[in-house]
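Asker: Generate a structure from the sequence data that follows.
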Amino acid sequence: MSKVSKFKDAWKTPAKPAGATSNTLISQRVVPPNGPEGLLKQAATSAIPARDKGGKRVVNLKSSLCEPSPIADRMSVENDPDYEELKDSIRHDGQKVPILVRPKLEQPDRYEIAYGRRRWRACRELGIGVLAIIDEDLNDEALVIAQGKENHERKSLSFIETALFVKRLSKEFPNQTVAKAIGVKSVAAVSHYRKVADAIPEDLITKIGPAPKIGRPKWISLSEIFVRFSSNQSKGLARLTGSEKWKTSSSEERFNIVFSYAKTGEKGASDSSTNTVLDKDGKPVLLLKESKAGVKFAFQGKRGAEFSSFLAEQIPALLVKFEEQDDEQ
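Answerer: Residues are numbered from 1 along each chain as shown. Model (predicted):
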C-alpha cells in the first residue's frame, strides 16, 4: 500500500460496530494514534502536563530552561560515537525516555537535571524540547542517589568515572549516601574509590578520560605509583600530555601512555634529580639521573636505542666544541 493510500485510509470513518446507530458522534470514533488525526490530537494536548504513576509531572520543557546538577558523573569525551548515535536516534525517532529534573530553589522557572544529561544535551543541540519528569519533592540527597543509580543501571560508568563521582559526592554527603548513589552496600568500597581518585591529579584523570576498558586493578596500580611521584616527574608528565601523539590517542591509549611513563619514572623515584626526556610523540627516550658523582644516562625503548647510537656518533664533535669553549674563556 502506498503512503498516499495509508494517509487517506487514516481519515476514513471506521465501519460501524454491531448495534451502532447512524447517530454515532464523530468524536466517539476510534482515532488511530499514529495517523494524521491522532498526531494532530497529540500535538494539541502536548502542552498539558501529564502525570506518571507516582504523581510526578511529565512535561515537554524548553531545553534552555534546564541545566545539569553541579556534581558531574560522566566525563565528556571528544568524538563520542555513542553520543552521536543517541543524538541521531532522537533526531529520527524522538526521545524515548524522559529525563528527571527538579525546579531550582532560587529560580523556580528553571530546572536542575538529576539524570539524563546526554538526552538533554542532544535535544538542546537539535533545537527541540526535552521530555522530562518534574519531581518537586526531590531533595539534594535524593537527587544524587537518583543520578548515580540511573547512570549505573542504564549504562555503567567506568571505574575512574565512578571514583571521581565518589570524590565529588564525598565533599558534601556522608559515605552512606555515596554508597547508595553508586549502588554498593559497603561504605568501605567508597573509601577504595576515593583513595584512587585522591592519589591521581584530577586534571590528569580528566585529560585521560573515562577509559572504559581500563579496570580497577590498573587504576589502583597507577594511584600507588603517583603517591611516590616527584615534582620532576610531574613536569615530564605535563610535557607528555601536550604531545601530538596524546592528542590523537583514545582514552585507553592515554591511560597506557601515562602508566608506562609512571612505571619508568618509578625506577628513579628515590633520586629527586631524576628526569625523563620525551621525544616529540611523548615517548620516554632518556632517563637522566644526576648525583654528586655526575650524570647517568639510561636510554628507553627502541627510540632511546636509536638516540644512543646517534649520540655516540656526535660525542667527538661535541667534545671538540666543549674544548674550544674552554679555550675562549
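
Asker: my read: Leu126 touches Ser89, true?
Answerer: No: assessed by CB atoms under 8 Å, Leu126 is found out of contact with Ser89, at 10.9 Å. From N, CA and C alone the C-beta is placed, and that goes for glycine too.

Asker: For Ile71, give its distance to Phe173.
Answerer: 9 Å (CB to CB, to the nearest Å).

Asker: Mutual contacts of the two, please.
Answerer: By CB atoms under 8 Å, 6 or more residues apart in numbering, Ile71 and Phe173 have these common neighbours: Val144.

Asker: How about the contacts made by Trp219?
Answerer: So Trp219 contacts 159-160, 163, 196, 200 (CB under 8 Å, 6+ apart).

Asker: which residues of this structure score low on pLDDT?
Answerer: Within the chain, the segments meeting pLDDT under 70 span 1-56, 77-79, 151-156, 229-235, 265-275, 280-282, 290-294, 325-329.

Asker: ok, 50 please
Answerer: Scanning the chain for pLDDT under 50 picks out the ranges 2-51, 53, 268-272.

Asker: quick one: the helices in it?
Answerer: Secondary structure of the chain (DSSP state H): helices at 3-11, 36-45, 81-93, 117-126, 140-154, 159-170, 175-182, 187-199, 202-208, 216-226, 231-240, 244-247, 251-266, 301-328.

Asker: Just say which of those is most tucked in.
Answerer: Highest mean neighbour count among those (mean count of other CB atoms under 10 Å): helix 159-170, with a mean of 23.

Asker: what helices or strands is it leaning on?
Answerer: Other helices and strands packing on helix 159-170, by 3 or more CB pairs under 8 Å, 6 or more residues apart in numbering; DSSP states H and E, are helix 140-154, helix 175-182, helix 187-199, helix 202-208, helix 216-226.

Asker: out of those helices, which comes closest to Glu244?
Answerer: Glu244 lies closest, by CB to CB, to one member of those: helix 202-208, at 14.6 Å.

Asker: Which strands or helices does the closest one pack on?
Answerer: helix 159-170, helix 251-266.

Asker: so how far is it off the chain centroid?
Answerer: 11 Å (CA atoms, centre = their mean, to the nearest Å).

Asker: Likewise for stretch 202-214?
Answerer: The chain centre lies 9 Å from the centre of stretch 202-214; the measure is CA atoms, centre = their mean.
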